[in-house]
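# I would like to see how this sequence folds:
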Amino acid sequence: MGEVLAPGSRRAAGAITRMRSLLVVLLVFGSLPVVIVKPHVGVLVWSWIGYMNPHRLTWGFAYHFPFAMVVGLTTIAAWAFSREPKTVPWHPLVLLLAVFAAWISFTTLFAAYPDQAQEKWDRTIKILLFNGFITLGLITTRRRLDALIWVIVVSLGFYALKGAAFTLLTGGHYRLFGPAASFIGDNNALGLALLMALPLVRYLQLRAERRWVRLCLLLSIPCFVVAVLGTYSRGAMIGLVVTMAGLAIKSRHRMRLALVAGIAFFGAVQFMPEPWHARVDSIADYEDDASAQARFQSWSYALEVARDSPIIGGGFEIFRGNEAPTTVGYRSAHSIYFETLAEHGYPGLAIFLALGIGTYLSAGSIIRRARDHSDLAWAADLGAMLQVSIAAYAVAGLFLNLATFDLYYHLIAVVVIASSLVRRQLASDATLAAPSTAPAYVRSSNVRA
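As a prediction, the model looks like this:
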């Protein structure tokens with residue numbers, strides 16, 4: 001039963017609500033002149049809106065306002081009329097992204113539930129366009145790339161710090177959820193987003209120049225861990241084990257970080273209450289767990305859809321149909337792989353897998369090419385942390401239906417951008433190191449000049 005507020009309290013609450021809405025409006029619209037002059041700032045503002053969802057923290061007129069659309073259109077227009085290059089770096093992953101976009105558009109034409117499919121297609125295409133191609137076209141320097149990573153980390157770090165504080169203060173007896181009506185609104189999605197952002201925190205901590213920044217980032221890592229546990233997401237819990245192991249393996253000081261990570265992880269686990277342990281223990285007792293059985297039913301249904309339509313699948317939102325298995329009032333694929341298979345057939349799944357495997361291998365290529373160059377040490381660190389993020393998504397995604405998760409496609413773009421910057425730097429170094437082919441008298445005259 002809700003608490004009845006006194007008239008004065010209601011007026012105060014309404015004033016706070018209007019102030020929050022006004023603040024978000026001022027921040028977003030105040031950034032638009034900067035976006036017009038510097039279109040790459042539009043990518044940063046778009047990312048802040050997409051990951052932090054500041055408008056969802058209000059209850060006023062700003063709650064439903066299409067800020068992302070306004071920023072997106074302004075960015076595209078500013079880019080079109082700017083002197084910024086209108087190309088994207090060449091990379092096989094860019095081609096795969098284009099093929100994936102074309103394929104899901106094709107399967108949507110034959111979707112079993114066209115209205116629902118059209119809505120999800122619209123959302124997914126916007127993600128591929130902005131988090132993929134527009135990001136690739138405008139984030140062209142290391143400084144811009146680091147700024148994008150900072151926006152992602154700070155936006156999701158807000159929920160990590162807030163969630164960790166809430167979990168500790170309540171003894172972990174309540175599940176954490178993200179902002180309503182957002183990609184991370186569900187507890188499973190929030191857990192996955194925090195997992196994927198955690199390695200990026202480590203990258204920034206490794207590359208930060210100021211000691212106090214490094215310390216703050218280091219102290220935020222346990223907050224991410226506690227917040228992930230606070231989501232009660234079993235898929236995220238499995239992904240957290242992979243993430244912590246990956247951070248230890250990829251660290252320059254493996255044993256030291258593995259020891260610290262192990263102590264922090266097991267300490268946080270011991271802190272969590274009995275309901276949390278009971279939920280985690282249900283992973284092993286899957287035969288008696290209704291949720292686990294629902295997953296098996298959903299996966300069987302995905303295989304049935306693929307058997308009936310192996311090429312184009314059932315289209316977006318095929319799991320919303322009456323034939324799909326249901327539990328606790330909703331239908332879900334419960335896996336990024338079975339979700340893609342059922343919606344886009346075996347070709348769609350093949351492209352999706354190629355994107356994931358190609359991104360992981362490309363991050364490894366960055367590490368190998370940058371390893372022996374001191375001026376590219378940042379790229380080696382970034383490549384290693386991106387591999388951990390992709391691995392977390394691949395493992396946790398086995399149990400979560402987030403195949404169109406926006407952060408995943410942003411990380412693909414980050415890998416392509418980092419690879420392009422490394423290739424450009426190595427080419428520049430090779431040019432400087434190459435011996436001159438000019439005649440001796442020309443070289444000597446140049447020196448005298």
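# quick one: contacts of stretch 115-135?
43, 46-47, 50, 72, 75-76, 79, 88, 94, 97, 100-101, 104-105, 108, 111, 148, 315-317, 320, 404, 406, 409-410, 412-413, 417 (Cβ atoms under 8 Å, 6 or more residues apart in numbering). Where you see a C-beta, it was placed from the backbone N, CA and C, and this is true even at glycine.
# Next: stretch 171-191.
Contacts of stretch 171-191 with the rest of the structure, by Cβ under 8 Å, 6+ apart, involve 50-51, 53, 56-57, 156, 159, 163, 166-167, 193, 227-233, 235-237, 239, 271-273, 275-276, 396, 400, 402, 405-407.
# Is it correct that residue 136 is in contact with residue 88?
Yes: at 4.0 Å, residue 136 counts as touching residue 88 under the criterion of Cβ atoms under 8 Å.
# any residues in contact with both of these two?
Contact with both residue 136 and residue 88 is made by residues residue 94, according to Cβ under 8 Å, 6+ apart.
# so the spatially most central residue of the chain, which of the three states?
With distances taken as Cα atoms, centre = their mean, the chain has residue 407 as the residue nearest its mean C-alpha position (2.0 Å). Assigned with DSSP: H, G, I helix; E, B strand; the rest coil, residue 407 falls in the helix class.
# per-residue confidence for residue 437?
According to the prediction, residue 437 has pLDDT 56.
# Likewise for residue 260?
In this model, residue 260 carries a pLDDT of 70.
# and what of residue 293?
Model confidence at residue 293, expressed as pLDDT, equals 71.
# Any figure for the gap between it and residue 370?
Relative to residue 370, residue 293 is positioned 47 Å away (Cβ to Cβ, to the nearest Å).
# Between those two, which is the more surrounded one?
The residue with more neighbours, out of residue 293 and residue 370 and counting by other Cβ atoms under 10 Å, is residue 370; that gives 24 against 14.
# what's the spacing between the more buried one and residue 196?
Separation of residue 370 from residue 196 (Cβ to Cβ): 22 Å.
# Next: residue 67.
As defined by Cβ to Cβ, residue 67 lies at a distance of 23 Å from residue 196.
# One more: residue 41?
As defined by Cβ to Cβ, residue 41 lies at a distance of 24 Å from residue 196.
# Who has more neighbours out of the two?
Residue environment comparison for residue 41 versus residue 196 gives the larger neighbour count to residue 196, 27 against 22, counting by other Cβ under 10 Å.
# Filter the contacts of stretch 115-135 down to the ones in helices?
When DSSP state H defines the helices, the subset of the contacts of stretch 115-135 inside them is 43, 46-47, 50, 72, 75-76, 79, 94, 97, 100-101, 104-105, 108, 148, 406, 409-410, 412-413, 417.
# Filter these down to just the buried residues.
Burial by neighbour count, judged by 16 or more other Cβ atoms under 10 Å, picks out 43, 46-47, 50, 72, 75, 79, 94, 97, 100-101, 104, 108, 148, 406, 409-410, 412-413, 417 from the ones in helices among the contacts of stretch 115-135.
# Give the burial count for residue 411, as a bare number.
Neighbourhood size, residue 411 [other Cβ under 10 Å]: 24.
# Same check on residue 211?
Burial measure for residue 211: 8 neighbouring residues, criterion other Cβ under 10 Å.
# May I ask which helix or strand of this structure has the lowest mean pLDDT?
Using mean pLDDT, DSSP states H and E, helix 440-448 stands out as the lowest-scoring helix or strand of the chain, at a mean of 46.
# ok, residue 218 - contacts?
Applying Cβ under 8 Å, 6+ apart to residue 218 gives the contacts residue 205.
# tell me the secondary structure for it?
Reduced to three states with three-state DSSP, the structure at residue 218 is helix.
# Could you check how far it is from residue 212?
Relative to residue 212, residue 218 is positioned 11 Å away (Cβ to Cβ).
# Next: residue 398.
39 Å.
# Show me which of these two is the more surrounded one.
A count of neighbours by other Cβ under 10 Å puts residue 398 above the other of residue 398 and residue 212, at 16 against 8.
# Spit out the contact partners of the more buried one.
If a contact means Cβ under 8 Å, 6+ apart, then residue 398 has 235, 335, 336, 337 as its contacts.
# try residue 198
Contacts were defined as Cβ under 8 Å, 6+ apart; by that measure residue 198 touches 221, 224, 225, 228, 243, 247, 389, 392.
# Rounded mean pLDDT for stretch 34-52, please.
Confidence over stretch 34-52, taken as the mean pLDDT, stands at 96.
# Return the set of buried residues in that stretch.
Those buried within stretch 34-52 under the rule 16+ other Cβ under 10 Å are 35-36, 39-52.
# again with stretch 19-38
Using 16+ other Cβ under 10 Å as the test for burial, stretch 19-38 gives 20, 21, 24, 25, 28, 31, 32, 35, 36.
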